[in-house]
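In: mind folding the following:
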Amino acid sequence: MTAELLLVTLLLTTSLSAQKTTNKNILPGSWLGKISTNGIDLRLVFNLKLNDKDSLIATLDSPDQGAKNIPLGHVILDEKNLTIQAPALMGEYKGTITSDSTIDGTWTQRGSGFTVNLKKLSTVFTVNRPQEPKPPFSYTSEDVTFTNVKFNIKLAGTLTIPHGNGPFKAVIMITGSGPQNRNEELMGHKPFMVIADYLTRNGIAVLRYDDRGVGQSQGNYAEATSADLATDAEAAFNFLKNNAKINQKEIGLMGHSEGGLIAPIVAVSNTGIGFIVSLAGTGVTGQQIIIRQQQEIGKLSGEKESAIKESTDIYRKLYAVLRKEKDNKKAEIKILSLYKENLEKKKTSKEETEKAVNQLKLSFGANTYTWFRYFIMTDPATFWKKVKCPVLALNGDKDIQVAAKENLPAIEKALKSSGNKSVKTITLPGLNHLFQHCNTGLPSEYGTIEETFSPEALKIITDWILAL
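Out: Residues are numbered from 1 along each chain as shown. Below is the predicted model:
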């Protein structure tokens, strides 16, 4: 559940120049800064160098979004003032050189401004991910495609199978909210790749796939609800059932975050599902989850209780509009109008009001409503109550996105209410929403933590599946 801050898919080749030479020679190198918003820190690395015409040229890395060498536009140096244009990103950096190793400035993108102070690095910036699997692999890895017949789209993924004749137990991995690739790549981490590698090395086949509209998969993610995405996972299940090396009676689902809602949706309509592993999966409505998430991030970020309450109240009102108004365009007009009215009542300046409304439209506009409406209105218990297969549900006790205390008991209660006796829930100490060992659990830590996925969680999952 990260903020959309960079349009990293656009490429642009431009000529770059500098107007004045003051301080020019101290600028070549990598400069690190960060954008902070909604409890998330995204690192930015501006790479500056002099070309053969003695002009400054620049590229941008966004390591937490997996983007490198994004071409930038004109670099303009005027005494101590530095401007780096980024037309492909609809952005611009403006800063003041305060020393040979520091620049204080602002990154502006699509009308939103963020303080981004830069520090010069002594070496090239690298992201260390020690758990990321490296070849040679002790199993077979194959790129595969399968079809979601209902939506007539092809989905692409990777199937890893242990060496040997099989048939093997298998896991289908389902990503969390937002369009993600088969590795659930975020903040420089590839958790699904790490999990798949560990499970397959221990005798369990794994299928992980790009979400619809992502990577090599067809379809439009923006138009899909959790129920629609469940049909993608169902297509993956049908695909695995035709593989001779897979034990058809022991194909399970492993869903992270929203994937933990999608898994029981699939299992209810497909009684052949062998088991479910819920990783920080949801047990209460999406609205409860998001409201609590906003409150927890606010508290840990040092916001005043009055400000948190005020924010909660207005978002409850916005969600109420979304629940009632089914036409997305009409809902957007009403939501933006209500939000603007609230700001004006607080006597917020016209400029700040306009900026805040534009930011809301970017993060909570009509294009998000189809998914959002379903998510906030759906009670996962409706599906968990009907699940008959074995379930392992894990949460970290420092998860502030899908809180363990709120969701694990709800999942367990719903499962057992219909007589499911094969239920195991575990709260893991010290782990965040990504199952990393952490300090606070804030999303701002995700990218800075080198660990991708807790080794003890990997062992618990593997041992549980093998013992079934």
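In: so Asn47 sits against Leu60, correct?
Out: Yes: here Asn47 reaches Leu60: they are 7.3 Å apart, a contact under C-beta atoms under 8 Å. Placement of C-beta: from N, CA and C, glycine included.
In: how about residues contacting the strand or helix carrying Ile333?
Out: Taking DSSP states H and E as the criterion, Ile333 maps to helix 328-345. By C-beta atoms under 8 Å, 6 or more residues apart in numbering, the surrounding residues in contact with helix 328-345 are 314, 317-318, 321-322, 325, 352-353, 356-357, 360-361, 364-367, 369-370.
In: sorry, back to before: more crowded one of Asn47 and Leu60?
Out: Shown here are Asn47 and Leu60; by other C-beta atoms under 10 Å, Leu60 has more neighbours (23 against 20).
In: I'd like to know how far the more buried one sits from Leu261.
Out: Applying C-beta to C-beta, to the nearest Å, the value for Leu60 to Leu261 is 35 Å.
In: got the CA positions of the longest helix along the chain in PDB?
Out: Counting by DSSP state H, the longest helix found in the chain is helix 305-324. The C-alpha trace of helix 305-324 is given here as PDB (Å, rounded to 0.1, in the frame of the first residue of the first chain):
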ATOM      1  CA  GLU A 305      -4.400  12.900  18.700                       C
ATOM      2  CA  SER A 306      -6.700  15.700  17.700                       C
ATOM      3  CA  ALA A 307      -5.200  15.700  14.100                       C
ATOM      4  CA  ILE A 308      -5.600  11.900  13.900                       C
ATOM      5  CA  LYS A 309      -9.200  12.100  15.000                       C
ATOM      6  CA  GLU A 310      -9.900  14.900  12.600                       C
ATOM      7  CA  SER A 311      -8.400  12.900   9.700                       C
ATOM      8  CA  THR A 312     -10.300   9.700  10.700                       C
ATOM      9  CA  ASP A 313     -13.600  11.600  10.800                       C
ATOM     10  CA  ILE A 314     -13.200  13.100   7.400                       C
ATOM     11  CA  TYR A 315     -12.100   9.800   5.800                       C
ATOM     12  CA  ARG A 316     -15.100   8.100   7.300                       C
ATOM     13  CA  LYS A 317     -17.300  10.600   5.500                       C
ATOM     14  CA  LEU A 318     -15.500  10.200   2.200                       C
ATOM     15  CA  TYR A 319     -15.800   6.400   2.500                       C
ATOM     16  CA  ALA A 320     -19.500   6.800   3.200                       C
ATOM     17  CA  VAL A 321     -19.900   8.700  -0.100                       C
ATOM     18  CA  LEU A 322     -18.100   6.000  -1.900                       C
ATOM     19  CA  ARG A 323     -20.200   3.300  -0.400                       C
ATOM     20  CA  LYS A 324     -23.500   5.000  -1.400                       C
END
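In: where exactly do the strands run in the stretch 351-468 of the chain?
Out: In the stretch 351-468 of the chain, the strands defined using DSSP state E, counting those that start in this stretch lie at 391-396, 423-428.
In: so what's in contact with Asn47 and Leu60 at the same time?
Out: With C-beta under 8 Å, 6+ apart as the test, Asn47 and Leu60 both reach Asn69.
In: pull out the buried positions in the helix holding Ile333.
Out: 328, 331-332, 334-336, 339-340, 342-343 (16 or more other C-beta atoms under 10 Å).
In: and for stretch 142-154?
Out: Neighbour-count burial for stretch 142-154, counted by 16+ other C-beta under 10 Å, picks out 146, 148, 151, 153.
In: end-to-end on it?
Out: Chord length of stretch 142-154, first to last residue, is 16 Å (C-alpha to C-alpha, to the nearest Å).
In: contact partners of it?
Out: Outside stretch 142-154, the residues within contact range by C-beta under 8 Å, 6+ apart are 155-161, 207, 209, 212, 216-219, 228, 231-232, 234-236, 238-239.
In: which other residues reach stretch 246-255?
Out: Taking C-beta under 8 Å, 6+ apart as the rule, stretch 246-255 contacts 161, 166-174, 195, 205, 233, 237, 240-241, 261-263, 266-267, 272-279, 281, 389, 461, 465, 468.
In: who are the contact partners of Ala205?
Out: Ala205 makes contact with 159-162, 166, 168-171, 240, 245-246, according to C-beta under 8 Å, 6+ apart.
In: 7 Å instead?
Out: Applying C-beta atoms under 7 Å, 6 or more residues apart in numbering, we find Ala205 in contact with 159-162, 168-170, 246.
In: go through the buried residues of stretch 142-154 and say which is closest to Pro179.
Out: The closest of the buried residues of stretch 142-154 to Pro179 turns out to be Ile153 (C-beta to C-beta; 13.7 Å).
In: about what we covered before: top of the contacts of Ala205 by neighbour count?
Out: Ala170 (29 neighbours).
In: and the residue nearest to that residue when sequence neighbours are not counted, what pLDDT?
Out: Nearest residue to Ala170, sequence neighbours excluded (C-beta to C-beta, 6 or more residues apart in numbering): Ala205, at 4.1 Å. pLDDT, Ala205: 98.
In: list the buried ones in stretch 27-44?
Out: Neighbour counts using 16+ other C-beta under 10 Å place 27, 30-35, 39-44 of stretch 27-44 among the buried residues.
In: how near is Trp464 to Ile204?
Out: In this view, Trp464 and Ile204 are 11 Å apart by C-beta to C-beta.
In: compare the two (neighbour count), which wins?
Out: Higher neighbour count among Trp464 and Ile204: Ile204, with 23 against 17, using other C-beta under 10 Å.
In: quick check: that one touching Ile172?
Out: No: Ile204 is beyond contact range of Ile172, at 11.4 Å (criterion: C-beta atoms under 7 Å).
In: quick one: the helices in the stretch 201-350 of the chain?
Out: 226-240, 259-269, 286-300, 305-324, 328-345, 350-363 (DSSP state H, counting those that start in this stretch).
In: distance to Ile251 and mean pLDDT added to those, as a markdown table?
Out: Below are these laid out as a markdown table (distance: least, C-beta to C-beta, whole Å; pLDDT from 0 to 100):
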| stretch | distance to Ile251 | mean pLDDT |
| --- | --- | --- |
| helix 226-240 | 5 | 98 |
| helix 259-269 | 11 | 97 |
| helix 286-300 | 27 | 93 |
| helix 305-324 | 36 | 95 |
| helix 328-345 | 36 | 95 |
| helix 350-363 | 37 | 89 |
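In: identify, out of these, the most deeply packed stretch.
Out: Most buried of the helices of the stretch 201-350 of the chain, by mean neighbour count (mean count of other C-beta atoms under 10 Å): helix 259-269, with a mean of 26.
In: who does that one touch, helix- and strand-wise?
Out: strand 168-174, helix 226-240, strand 246-256, strand 275-279, helix 381-384 (3 or more C-beta pairs under 7 Å, 6 or more residues apart in numbering; DSSP states H and E).
In: can I get that helix as PDB, trimmed to CA atoms?
Out: Extracted C-alpha coordinates of helix 259-269, given in PDB (Å, rounded to 0.1, in the frame of the first residue of the first chain):
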ATOM      1  CA  GLY A 259      -4.000 -11.800  -1.100                       C
ATOM      2  CA  GLY A 260      -5.200 -13.200   2.300                       C
ATOM      3  CA  LEU A 261      -8.700 -12.100   1.400                       C
ATOM      4  CA  ILE A 262      -8.500 -13.400  -2.200                       C
ATOM      5  CA  ALA A 263      -7.400 -16.900  -1.000                       C
ATOM      6  CA  PRO A 264     -10.600 -17.700   0.900                       C
ATOM      7  CA  ILE A 265     -12.700 -16.300  -1.900                       C
ATOM      8  CA  VAL A 266     -11.000 -18.800  -4.200                       C
ATOM      9  CA  ALA A 267     -11.300 -21.700  -1.700                       C
ATOM     10  CA  VAL A 268     -15.000 -21.200  -1.200                       C
ATOM     11  CA  SER A 269     -15.800 -21.800  -4.900                       C
END
